[in-house]
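Engineer: Sequence isn't available, so here's the structure alone:
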């Protein structure tokens, strides 16, 4: 099969409902290239900025993977699932009538700085060559080592009776679903993510990203070049 010789960087707005792998597969077909890869997985429930690299630019993957991220997320109080989001099975429900705006702000503040975080079972992290989510779907839970991450900032955007939304600036390797659950633990209630949007990767912003349908129409118009 003859492939095109495209190389470059794409800023893509991943829609809800498809995997990161599927998005890359679609882009490979659009450009008819042999090599393509993304710089940080987003779950099917999540949307937002993905950096997709084509051709020789795939060598730069590590550079982008390690950059800081900004996420916006909406969190429901009083509910917990096995996956940490609404794709999972409900495993507990709890009272949240004691939770106030001040308590949420205090809980968020307590996570700012360098913290230790245990990756969730529903993640793409590999242990002994197996992706954790593949084991989780079989009902298998294994011990995961804590990782040190950095939370630079958490801003409370909105608060209602049963949910709140926050914007987080964090280091690479941060699991927002786990952070949401840990905030819930601080609040003495259950929490689950209902919406997750990645807004920034390093200096790249979601506002500069393109929908996949537009990329299908015009292709290489959105392909960026950078210095190696």
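Structural biologist: Now that the structure is in, tell me what you want to look at. Everything quoted here is computed from the prediction, not taken from an experiment. Residues are numbered from 1 along each chain as shown.
Engineer: for this protein, what helix or strand is lowest in average pLDDT?
Structural biologist: One helix or strand of the chain scores below all others by mean pLDDT, DSSP states H and E: helix 132-137, with a mean of 67.
Engineer: Doesn't residue 145 lie inside a strand?
Structural biologist: No - secondary structure assignment places residue 145 outside any strand; it is coil (DSSP: H, G, I helix; E, B strand; the rest coil).
Engineer: Next, find the distance separating it from residue 119.
Structural biologist: Separation of residue 145 from residue 119 (CB to CB, to the nearest Å): 8 Å. Any C-beta I mention is one placed from the backbone N, CA and C, and that applies to glycine too.
Engineer: And these two? Which one has more around it.
Structural biologist: residue 119 (19 against 8; other CB atoms under 10 Å).
Engineer: Burial check on residue 60, number of neighbours?
Structural biologist: Residue 60, neighbours per other CB under 10 Å, totals 16.
Engineer: Isn't it up against residue 52?
Structural biologist: No - using CB atoms under 8 Å, residue 60 is not in contact with residue 52; the gap is 11.5 Å.
Engineer: what do those two both touch?
Structural biologist: In terms of CB atoms under 8 Å, 6 or more residues apart in numbering, residue 60 and residue 52 are both contacted by the residues residue 9.
Engineer: Show the pLDDT at the residue lying closest to residue 65 once chain neighbours are set aside.
Structural biologist: Among residues not flanking residue 65 along the chain, residue 39 sits closest, at 5.2 Å (CB to CB, 6 or more residues apart in numbering). If you check residue 39, the pLDDT there is 92.
Engineer: again with residue 140
Structural biologist: For residue 140, pLDDT reads 66.
Engineer: three-state assignment of residue 150?
Structural biologist: Looking at residue 150 with three-state DSSP, the answer is strand.
Engineer: Pull the contacting residues for it.
Structural biologist: If you count contacts by CB under 8 Å, 6+ apart, then residue 150 has 113-115, 170-171, 174 around it.
Engineer: Farthest pair within those?
Structural biologist: With CB to CB as the measure, no two of those lie farther apart than 113 and 174, at 12.6 Å.
Engineer: can you give me the helices for the protein?
Structural biologist: 20-31, 61-65, 101-109, 132-137, 176-186, 212-218 (DSSP state H).
Engineer: To residue 227, which of those lies closest?
Structural biologist: Using CB to CB, the helices of the chain put helix 61-65 closest to residue 227, at 11.2 Å.
Engineer: tell me the contacts of the closest residue to residue 64 other than its chain neighbours?
Structural biologist: Distances taken as CB to CB, 6+ apart put residue 39 closest to residue 64, at 3.7 Å, once the chain neighbours are dropped. Residue 39 is in contact with 50-53, 61, 64-65, 201, counting by CB under 8 Å, 6+ apart.
Engineer: do you know how far residue 168 is from residue 24?
Structural biologist: 25 Å.
Engineer: let me redo that: residue 37
Structural biologist: 6 Å.
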